[in-house]
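**Student:** Compute the structure for the input listed below.
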Amino acid sequence: MKYCYKVPCKKEMLKEIRCFVKEVLEKHGLSEVDVSTLVLAIDEVCANLIIHSHCCNPKESIEVEINVDKDKGLIFNIIDKAEIFNINEYQEPTLEDIIKKQRKGGIGLILVKKIMDDIQIYSDKKKHICRLVKKIPIN
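**Tutor:** Numbers count the residues shown, from 1 in each chain. Alright, predicted model coming up:
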């Protein structure tokens, strides 16, 4: 089963994205912990795109696509047209560096990489897709 949600690139839309993802996952019987964890990961990727890649420009948009497959698990496609950022090439700071430099960020992408089983980046001339896969039993 496939679900899609397209929103303008405004920070206020992050709440709507979280609600959409939560609603879809709850519909398929995932535990509260699994739902919360996956919502966190999707929210982090969408927030980074909206804030950093699109500079909160409401004339631009991102699309969240959720594919629920009993055999493959959950496949989240986050689709946009901004300059691509490859999360797989992201060099994770150590916790000591974050604390020492008193950074206010840097942990979100670490969490995404730990939560998801696979992360793939696809790109063509018209769009970019960040595919996040979670192999989890689905009802």
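
**Student:** residue boundaries of the strands in the protein?
**Tutor:** Counting by DSSP state E, the chain has these strands, from start to end: 2-8, 61-69, 73-80, 118-123, 128-134.

**Student:** Among these, which comes closest to residue 53?
**Tutor:** Between residue 53 and those, the shortest gap by CB to CB is with strand 73-80, which sits at 6.9 Å. Every residue, glycine included, has its C-beta placed from N, CA and C.

**Student:** Tell me the gap between the closest one and the middle of its chain.
**Tutor:** On the basis of CA atoms, centre = their mean, to the nearest Å, the separation between the geometric centre of strand 73-80 and that of its chain is 8 Å.

**Student:** ok, and what's touching it?
**Tutor:** The contact list for strand 73-80, computed with CB atoms under 8 Å, 6 or more residues apart in numbering, reads 21, 25, 38, 42, 45-46, 49, 53-54, 60-69, 117, 127-138.

**Student:** Each with direction, which strands does it pair with?
**Tutor:** In the sheet containing strand 73-80, the strands it pairs with under DSSP bridges are strand 61-69 (antiparallel), strand 128-134 (antiparallel).

**Student:** Taking strand 118-123 as reference, get the angle to the last one.
**Tutor:** Looking back up the chat, that one is strand 128-134. Angular relation of strand 128-134 and strand 118-123 on a 0 to 180 degree scale: 170 degrees, by axes from the mean of the first three to the mean of the last three CA atoms, to 10 degrees.

**Student:** can you check the first one too?
**Tutor:** Using the same axes, to 10 degrees, the direction of strand 61-69 lies 130 degrees away from that of strand 118-123.

**Student:** Just the buried positions in strand 61-69, please.
**Tutor:** Of the residues in strand 61-69, those scored as buried under the neighbour-count criterion (16 or more other CB atoms under 10 Å) are 61-62, 64-68.

**Student:** With distance to residue 15 and pLDDT as added columns, please give these in a markdown table.
**Tutor:** As requested, these are exported to a markdown table (distance: CB to CB, whole Å; pLDDT from 0 to 100):
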| residue | distance to residue 15 | pLDDT |
| --- | --- | --- |
| 61 | 16 | 96 |
| 62 | 14 | 96 |
| 64 | 13 | 98 |
| 65 | 19 | 98 |
| 66 | 17 | 98 |
| 67 | 23 | 97 |
| 68 | 22 | 96 |
